[in-house]
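Participant: Fold the following, please.
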Amino acid sequence: MKAISKKFMAFATTILFIATAVVYVDALADSSSGYTDITAEEAWEMLNTTSNGIQIPVDVRTYSEWLGERIDTPYPEFARRYCSFNFYNTDGSYNESAIQEFNSLYGGNEVILYCRSGSRSSAVAHILSEGGFNGTIYNMEGGIIAWKAADLPTKMGDSPPSQPENPSGVTSGDTGVAYTYSTSAIDEDDDAIRYGWDWNGDGTVDEWTENYYQSGREANITHSWDEAGTYYVMVIAEDVVGEQSSFSSPLSVSIGNAPGAPIITGPDSGRARAKYEYTFSSTDADDDELYYYIEWGDGSVEDWIGPYASGEKITIEHKWKTRGTYVIRAKAKDTHNVEGEWGTLEVSMPKTYESAYSPLIKINEWFSSLTGRNLFPVAIETRPGCPDLEL
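Facilitator: The predicted structure is shown next:
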């Protein structure tokens, strides 16, 4: 009996040793492989929250497979795609350019690779780890088959995003200065969106946003122009699957060296109802012709009068009907519609001619109330140099 017990203990010890060795070897192989295998359920736990950091799921299947059905995870941990075929040259060797490109896209991040069943993603994980990927690599075992078997969410097909909102931002500015422009679009499938900006209105994307944005979220980008001119800015939306919207309507942007703030000269005080002359002058660094917009402070304006030569002085008459203090404001724009800063002059009209004629005005009002007509003429002509009094 004792002999049997010893044999059993020896057998059990051997089995335990072998099991322990297998687990150790598997763990050692896994740690030395440069990536970690995880289940679909573990992937979902990682991707369904950002409390454990941000992991990026990357589908390594073909575009048709990706379009047909893909995993559905919330922003910002939405699925991307990078086909496994890109990692191989035609002779079967590894494509170093693809490894470098993948590293530039996702380096420094935690990526979860998946495919249909886990085979291709495992191969890509091995290639990336061998290629020195600068990040953490997880391989989702069982691929999307295991994901669906676990009843986890997927998306099928794709619809293009809506036409983006018209770009918003400055409509005139200087060369060499960066300005911010904004837009947004809605994706029917709630896919993440990036935006392609056409800075010269030729219908070709000149620059894509660096990141994808959540559907409906405003996207911002900065841009500068090196040459003066009028540019028509348009934007297009593209979802993460690759479907594109139509271009937005254009925003006209005039770029050039802005004219200086106009210098305003003339009387800074006077009498209401008297006409006074004011001179306006601005210069343009590009020697462009200029237009002037003038506000007199009483609600009346001169609406982009011109053109005038750069540096030319223009003289305009104005009268204020009532006593008060007014601020004359003027700005200039060039032929590229680039507007400069405001120039200002404060004027005071504390005096009026009405006091001298107050008795006549009152008599006229009394007579008119009785007869329905004026006793005196509607306008009383004053001596030369004085304004006419309107009764």
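Participant: For the rest of this, base every contact and every neighbour count on C-alpha atoms.
Facilitator: OK.
Participant: Now do the buried residues in the helix or strand Ser121 falls within.
Facilitator: Ser121 belongs to helix 119-130 when elements are defined using DSSP states H and E. The neighbour-count check on helix 119-130 (16 or more other C-alpha atoms under 10 Å) flags 119-122, 124-129 as buried.
Participant: For stretch 230-248, give the mean pLDDT please.
Facilitator: The predicted model gives stretch 230-248 an average pLDDT of 97.
Participant: Tell me how far it lies from the chain's centre.
Facilitator: In this view, stretch 230-248 has its centroid 12 Å away from the chain centroid, taken as C-alpha atoms, centre = their mean, to the nearest Å.
Participant: And for stretch 74-84?
Facilitator: Per C-alpha atoms, centre = their mean, the displacement of stretch 74-84 from the mean C-alpha position of its chain is 22 Å.
Participant: how about the closest residue to Asp206 other than its chain neighbours, what does it touch?
Facilitator: Sequence neighbours aside, Asp198 is the residue nearest to Asp206 in space, at 5.1 Å (criterion: C-alpha to C-alpha, 6 or more residues apart in numbering). Each residue near Asp198 by C-alpha atoms under 8 Å, 6 or more residues apart in numbering is listed here: 204-207, 233-235.
Participant: Pull the residues that contact stretch 237-244.
Facilitator: Here stretch 237-244 makes contact (C-alpha under 8 Å, 6+ apart) with 66-67, 80, 158-164, 185, 187, 191-196, 212, 236, 245-247.
Participant: that older thread, tell me the pLDDT at the residue nearest to Asp206?
Facilitator: According to the model's per-residue confidence, Asp198 sits at a pLDDT of 98.
Participant: and it, bridged to which residues?
Facilitator: Taking DSSP bridges as the rule, Asp198 bridges to Met234.
Participant: measure the residue nearest to Phe247 when sequence neighbours are not counted to Ser249 for me?
Facilitator: If the residues on either side of it in the chain are set aside, Phe247 comes closest to Ile236, at 4.6 Å by C-alpha to C-alpha, 6+ apart. Counting by C-alpha to C-alpha, to the nearest Å, the gap from Ile236 to Ser249 is 10 Å.
Participant: Neighbour count: those two, which is higher?
Facilitator: Neighbour tally, Ile236 and Ser249, criterion other C-alpha atoms under 10 Å: the higher count belongs to Ile236, 28 against 17.
Participant: wait, that one sits on Ile193?
Facilitator: No: with contacts defined as C-alpha atoms under 8 Å, Ile236 does not count as touching Ile193, sitting 10.0 Å away.
Participant: gap between Asp59 and Asn166?
Facilitator: Between Asp59 and Asn166 the distance, using C-alpha to C-alpha, works out to 33 Å.
Participant: With neighbour numbers in mind, choose between these two.
Facilitator: Asp59 (26 against 19).
Participant: which residues in this protein form helices?
Facilitator: Along the chain, counting by DSSP state H, helices occupy 2-32, 40-47, 63-68, 96-106, 119-130, 143-149, 358-371.
Participant: Spell out, range by range, the strands that occur in the stretch 201-350 of the chain.
Facilitator: Listed in chain order, the strands of the stretch 201-350 of the chain (DSSP state E, counting those that start in this stretch) span 207-208, 219-223, 229-239, 251-255, 263-265, 269-271, 275-281, 290-295, 301-308, 314-319, 324-334, 343-351.
Participant: Report the central residue of the protein.
Facilitator: Centroid-nearest residue in the chain, with C-alpha atoms, centre = their mean: Asn220, separated by 1.9 Å.
Participant: Now that one: closest residue in space, sequence neighbours ignored.
Facilitator: Ser182 (4.5 Å).
Participant: now the closest residue to Pro160 other than its chain neighbours: how far from Gln163?
Facilitator: Take Pro160 and drop its neighbours on the chain: the residue closest to it by C-alpha to C-alpha, 6+ apart is Glu243, 4.8 Å away. Taken as C-alpha to C-alpha, the spacing of Glu243 relative to Gln163 amounts to 12 Å.
Participant: More neighbours: which of these two?
Facilitator: The neighbour comparison of Glu243 against Gln163 (other C-alpha under 10 Å) goes to Gln163, with 20 against 14.
Participant: Which residues are in contact with the more buried one?
Facilitator: Contacts here follow C-alpha under 8 Å, 6+ apart; on that basis Gln163 touches 185, 236-237, 245-248.
Participant: how about Asp303, what does it touch?
Facilitator: Neighbouring residues of Asp303 by C-alpha under 8 Å, 6+ apart: 292-294.
Participant: would a markdown table of the residues you listed with pLDDT, distance to Ile145 and neighbour count be doable?
Facilitator: Formatted as a markdown table, the entries for these read as follows, by pLDDT from 0 to 100; distance: C-alpha to C-alpha, whole Å; neighbours: other C-alpha atoms under 10 Å:
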| residue | pLDDT | distance to Ile145 | neighbour count |
| --- | --- | --- | --- |
| Tyr292 | 98 | 69 | 23 |
| Tyr293 | 98 | 68 | 17 |
| Ile294 | 98 | 71 | 22 |
